[in-house]
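1. The sequence and its predicted three-dimensional model are supplied below.
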Amino acid sequence: MTWVVDNLDLIGRLTVEHLRQSALPILLGLLLSIPLGWLAFRFRLTRGLMLTVVGLLYTIPSLALFALLPPLLGISFLSEINLVIALTIYAVAIMTRFVADALASVEPHVRQAADAVGYGAWRRFWQVDLPLAGPVVLAGLRVTAVSTISLCTVGILIGIDNLGYLFTNGYQRQIVAEILAGVVAVVVIALVIDRLLVVLGRALMPWAGKGA
Amino acid sequence: MIEFRSVTKTYPDGTDAVADFSLVVPAHTTTVLVGSSGSGKTTLLRMINRMVEPTSGSIEIDGEPIAQRDPVRLRRSIGYVLQNGGLLPHHRVIDNVATVLRLEGTPKQEAREKAAEVLDVVGLDRSLAQRYPSQLSGGQQQRVGVARALAADPNILLMDEPFGAVDPIVRAELQAETLRLQQELHKTVVFVTHDIDEAFLLGDQVVILSTGAQVAQVGSPSEIIENPADDFVASFIGTERGARALRTKHTDHGTVLVDGAGRTQGRLVESSS
Amino acid sequence: MIEFRSVTKTYPDGTDAVADFSLVVPAHTTTVLVGSSGSGKTTLLRMINRMVEPTSGSIEIDGEPIAQRDPVRLRRSIGYVLQNGGLLPHHRVIDNVATVLRLEGTPKQEAREKAAEVLDVVGLDRSLAQRYPSQLSGGQQQRVGVARALAADPNILLMDEPFGAVDPIVRAELQAETLRLQQELHKTVVFVTHDIDEAFLLGDQVVILSTGAQVAQVGSPSEIIENPADDFVASFIGTERGARALRTKHTDHGTVLVDGAGRTQGRLVESSS
Amino acid sequence: MDLFAEAIAWIFSTDTQSGSLPLSEAIATHLAFTVVSVLIAAVIAVPAGWLVGHTGRGREIAVGLSGAARAVPSFGLVLLLVLVFGVTHKVGASTTAFVLLAIPPILAGAYSGVEAVERRIVDGARAVGMTSSQVLGKVEIPLGLPLLIGGLRSATLQVVATVTLAGYVGSWGLGFYIVQGIQIRDFAQILGAALVIVVLAVLLDLLFALAERAVVPRGVRAGRDGR
Amino acid sequence: GGDSDPLEQDTGDSGEDTASDTIVVGSQAYYSNEIIAEIYAQALEADGFTVERNFSIGQRDAYMPALENGEVQVIPEYTGNLLQYFDPETTATSAEDVYAELANAVPESLAVLEQSPATDQDSYNVTADFAESEGLTSIGDLAGIDGLTVGGPAELEERPYGPQGLADVYGVDVAFEATGDTTVQDLVAGTVDVANVFSADPRIQTEDLVTLEDPEGLFLASNVVPLVGADVVEDVAAVIDPVSAALTPEGLVDLNVQSTEEQRSSEDIAADWLAENGLA
Ligand SMILES: Nc1ncnc2c1ncn2[C@@H]1O[C@H](COP(=O)(O)OP(=O)(O)OP(=O)(O)O)[C@@H](O)[C@H]1O
Ligand SMILES: Nc1ncnc2c1ncn2[C@@H]1O[C@H](COP(=O)(O)OP(=O)(O)OP(=O)(O)O)[C@@H](O)[C@H]1O
Ligand SMILES: [Mg+2]
Ligand SMILES: [Mg+2]
């Protein structure tokens, strides 16, 4: 434990880096998955295609994806963009399915009621379908946030500093406390973000009771 | 006045929900469509606001074919009450009621004031206005559904088994309320139910449907009970059995009416001959 | 005979579902518990086969307190028909009916033969035996539910709104079937409904309940209609309004009965004075 | 696209079949890690999940633990456990990490499968006189199987992708090629190994998709098809 | 960046539009290398430079492109391994020869500063017990022992001094086992018989390992040497050359001990070392 006390500033610095690196993919994942999820929800043809592609993306080992993006996209190997893109791909892979399920979870009779009172298609999507899909989208966002934060650590293997640094560095130096500190820090920030999302969800969707 | 002219509806999967249906729904009265499950009642109702498009035939409102009207605008001009309310769970009661007004572009404040007045009309306390639908009882939700349908003051009101999901006592209350409202507002109401008692209670004109929306009989409740068109109608309304074929029986507490099995079904309050 | 002695049930969340309820259910007759939603009907019924344990008080079957009996064996000795059937979706109709026999250790073949006979009793074609419940109509599923309850030939049959989910025509059919069965089998039946007409149709004894399973009135249908105990009962059974307070009216087609609003509610078939 | 051609060439080159870790052995060890981890996780999580679903007790704990476990970075966990267990137990340490990874989805599949059985069906089963264990064994488990298999499926897919990390601590699994490839900048090797993993994942997924169908009880499926 | 002006690439400023006194210091993903990088960084800072750290980048193959295009401007390197990277066919083995050849081998955009006396080169090690029972002193003594396994990082398999080199140069046949970052532990635990360890690894002493002699020069001498962008040589040489001069082989081992045994952070180790040597 003395290691942790002696290196609080290092842990703090890496935590900030870590959060910064995970935030963008989580956000991008949410934004991109809404149109994709809608496509998967709306048309039978795109549904099969979309869910297959998304399923395949998820099976690509993170390590390989991180390493392959630079040659495939022509980005520098050291660039954080690699990590952001790779994590965004996983986030989209998780979120698309959730968004499709979320839209499907909107009760048909509510949807029909909206039609019946005279919502146009576009307006209905933004004012009825999407808000009502909110609770399930939020559930997906929570899964995405937690897994992105956890997956982000693998970035250290392509030279991007974050809490994953504590894993490889601690492993080389044989310092159990260092690795443990990294694992705990990742779990803690993941759970804190998760709680924050729940609180945010309550604030944005006061109508969704606890059970919903 | 709403007129169905030889309307047919075959769903894409081949179900013939409505086959060659014609009917005139007079203005400012209540027409009840009654029939058992799957007889095509909902399909008929939804064709009026173009939620369902007829396969052939046409529907006219006050002589104008609705096929030429913009569906979204048409729907805003017609009130629709769904079974289970069909309220938007993420909008407060007041905003649910104000929905159509807002869609029509009424400023928020004005729409809310109007909506609050409509809550009074349907007998809902204004203190409920800020709640979400899930915080109301089933009966209250139904009233909100009615209020929403009335808010933009449409001429036509469509009601699809609006009281099917509430318990019998609340149901009786809502039925009474509906009768009262109609006496005040004189809308053209098309009401769907599979409860023949409800049909006779609320309908000025009752349309009894069999499968495929075949009209078994149209008429006022009295006409139908007094003169059922055929065996199907007779059995549907129950004149031949149970509660509708009664004999009198004199007891200490006055004359009661008993069915074929000798079970008491009602009391004879006064003889008008 | 089933006897409730000062039975109380408070659920863990504090809901007082049943408060000090006492009742004698005579053997070989049908007792109907009727009351609006939440009045505690289901709770009462489920206490008879110990699906729910009373908080205080006791229930006796033929003089023996059920608290001393093993709940699982007790349940196997009592038939229970649930709303919506509650059938096992992954077992064929025949095996659903044979469930209790199999649980009791009857060999498979024998249990199936017995089950097939019971299908005849409830009027289900044997050709349906190999289907799964989801391949049957709602009415057929209800019959399977009844068959399952009857298969082990119990003395007591509990029925919890068994016909609540089927449409009115099938419902009338099932009610008639139930009357016929009871004339043949003479079980001790406890039947729960919130439909007062169904209660009067099926019940030898009708128990009208208000919230907390308070007994508003107990008696035969005739006794209750002829002499409602209080305003609550009167309004519940509707003697004061609508369909139960009738006047006669003479028409070309004979004498009909009309309600306060002049709407025809039935026909007078013959005057027995 | 050149890279893809090179990657395919890498997969089928004779060097890949020999070397210190022949491709066939890498596939075998990769699969072994996956199957063993998922099996161990299933032995732990399935009974626990059934119990949680059946009794409704411990649900909060199960949900909470699964949530926390999902947040644990597998990469850190593998390294941590190798240090804690000692280098002679790298296989055990890695397997433990993968088991922990696989438990949450399997647990969730098991309890949600049981919970998803409609209350009235369970009620009916109890009412006709099934004992508590008969209700679990004859009703809840068979009707909950599809969701359980779904849980096993997502656990397996996660593990098969994550076993790659074992390549960082030793010469096994397809991850070895990726770790080595990163150090020597051999992108064809990285992509080749990744493609093999994806193919394995797709095959496993297919297997589970078939299993998922097979375990849907006949009557339940009949109802679905009928609609 | 869409800017592809080759001249600008050469100036090394293309990566970022930095002020001339901002220096990007990189390091390998290896704690010992990171300490040296930290020493460079702090020394530069003491001299008024603004330093950006880009540490634990990975292996040579990972960071070399970044150095060549100017994203990273200074990184601690090792002469022998670096020469082998640029010229795999090299035959130089002595420290002087290696350094001389290296100066010619680096691409134009890069330069090496003065090399340090401190060395940290690959070496093959066995346990003392094994060395004694088999009578081992030199790599060549391994020839003829059956069933040997050599452990090292995954990439050792592909290096010139890897299993292939052992066979070609010494006629030693070994199987290869990737032991990642736990090579020493694996050797001690007996999972492997021969371990590829850096010569400055303190565990050679603490774990009582025997480093096998390399008379045929399988490994090149590998002294610590700063690899820098050609455009910043002028700026940084004055600061880093004294650091290189002060860093001794024993001193390097000591730095490593402070990191692994005493678990001190590289900042603290570097700060103390600079202070002790009067460099900051
Ligand atoms: N969207 C649809 N696609 C295919 N068939 C449909 C669709 N909607 C309704 N049907 C079928 O059309 C027929 C009439 O349906 P409809 O909903 O109009 O009946 P209903 O009288 O309202 O019945 P209920 O009382 O059960 O509501 C039924 O056979 C039904 O299954
Ligand atoms: N398991 C339970 N836990 C807590 N409260 C319960 C439970 N079951 C029933 N209740 C409550 O007890 C009261 C009586 O319920 P019960 O189900 O017996 O009524 P019911 O007359 O059968 O109603 P319905 O006609 O709606 O079926 C209700 O207020 C109900 O909410
Ligand atoms: Mg309908
Ligand atoms: Mg009930």
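-> Structure's in. What do you need? Everything numeric here is computed off the predicted structure, so don't read it as measured data. Ligands and ions are numbered 1, 2, ... in the order given.
2. Residues of chain A that sit close to ligand 2?
-> Nowhere does chain A come near ligand 2, counting by C-beta under 6 Å from any ligand atom. To be clear about C-beta, it is placed using only N, CA and C from the backbone, and glycine gets the same treatment.
3. what are the phi and psi angles of residue E:265?
-> phi -80, psi 150 (degrees, to the nearest 10).
4. The residue nearest to it when sequence neighbours are not counted: neighbour count?
-> Excluding the flanking residues, the one nearest residue E:265 by C-beta to C-beta, 6 or more residues apart in numbering or on different chains is residue A:7, at 5.7 Å. When neighbours are defined as other C-beta atoms under 10 Å in any protein chain shown, residue A:7 has 22 of them.
5. List the residues that contact residue A:7.
-> Residues in contact with residue A:7 (C-beta atoms under 8 Å, 6 or more residues apart in numbering or on different chains) are A:178, A:181, E:265.
6. Skipping its backbone neighbours, what lies nearest residue E:162 in space?
-> Counting by C-beta to C-beta, 6+ apart, the residue nearest residue E:162 is residue E:156, at 4.7 Å.
7. Give me the local confidence score for that neighbour.
-> We have a pLDDT of 92 for residue E:156.
8. Can you tell me how far it is from ligand 1?
-> 67 Å (C-beta to the nearest ligand atom, to the nearest Å).
9. Find the centremost residue of chain B, please.
-> Centroid-nearest residue in chain B, with C-alpha atoms, centre = their mean: residue B:191, separated by 2.0 Å.
10. try chain E
-> residue E:78 (4.1 Å).
11. try chain A
-> Note: chain A centre (C-alpha atoms, centre = their mean) maps to residue A:144, 2.9 Å.
12. Double-check that that one belongs to a strand.
-> No: counting by DSSP: H, G, I helix; E, B strand; the rest coil, one finds residue A:144 to be helix, located in no strand.
13. show me the contacts for it.
-> Contacts of residue A:144 by C-beta under 8 Å, 6+ apart are A:26, A:29, A:30, A:91, A:94, A:95, A:98.
14. For it, give its distance to residue D:69.
-> 16 Å (C-beta to C-beta, to the nearest Å).
15. Next: residue E:64.
-> 39 Å.
16. now do residue A:156
-> 21 Å.
17. Those two - which one has more neighbours?
-> residue A:156 (26 against 17).
18. Could you dump the contacts of residue A:7 into JSON lines with neighbour count, distance to residue D:158 and pLDDT added?
-> Shown next, in JSON lines, are those (neighbours: other C-beta atoms under 10 Å in any protein chain shown; distance: C-beta to C-beta, whole Å; pLDDT from 0 to 100):
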{"residue": "A:178", "neighbour count": "27", "distance to residue D:158": "26", "pLDDT": "94"}
{"residue": "A:181", "neighbour count": "24", "distance to residue D:158": "25", "pLDDT": "96"}
{"residue": "E:265", "neighbour count": "19", "distance to residue D:158": "35", "pLDDT": "90"}
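19. nearest to residue C:143, of these?
-> residue A:181 (66.6 Å; C-beta to C-beta).
20. Please, which helix or strand holds the closest one?
-> If you go by DSSP states H and E, residue A:181 is part of helix A:176-204.
21. which parts of that helix are buried?
-> Buried residues in helix A:176-204, defined by neighbour count with 16 or more other C-beta atoms under 10 Å in any protein chain shown: A:177-187, A:189-191, A:193-194, A:197, A:201.
22. same thing with stretch D:70-85?
-> Buried residues in stretch D:70-85 (16+ other C-beta under 10 Å): D:70-83.
23. Stretch E:206-215 too?
-> E:207, E:209, E:210, E:211, E:212, E:214.
24. Tell me the one of these nearest residue A:110?
-> Closest to residue A:110, out of all of those and judged by C-beta to C-beta, is residue E:207, at 69.3 Å.
25. what distance separates whichever helix or strand residue B:112 is part of from the centre of its chain?
-> For residue B:112, the element it lies in under DSSP H and E is helix B:108-121. In this view, helix B:108-121 has its centroid 24 Å away from the chain centroid, taken as C-alpha atoms, centre = their mean, to the nearest Å.
26. So is that helix next to chain A?
-> No: using C-beta under 8 Å from any C-beta of the partner chain, helix B:108-121 stays clear of chain A, with a minimum separation of 12.8 Å.
27. who does that helix touch, helix- and strand-wise?
-> helix B:93-103, helix B:138-151 (3 or more C-beta pairs under 8 Å, 6 or more residues apart in numbering or on different chains; DSSP states H and E).
28. Comparing the ones you listed by mean pLDDT, which bottoms out?
-> helix B:138-151 (a mean of 90).
29. Report all helices and strands that the helix or strand following that one contacts.
-> Sequence-wise, the next helix or strand downstream of helix B:138-151 (DSSP H and E) is strand B:156-160. Here strand B:156-160 touches helix B:41-48, strand B:78-81, helix B:138-151, strand B:188-193, going by 3+ C-beta pairs under 8 Å, 6+ apart.
30. Quick one: closest of those to chain A.
-> Chain A sits nearest to strand B:78-81 of all the helices and strands packed on strand B:156-160, at 4.1 Å, using C-beta to the nearest C-beta.
31. Can you list the strands that that closest one pairs with?
-> Applying DSSP bridges, strand B:78-81 is found paired with strand B:156-160 (parallel).
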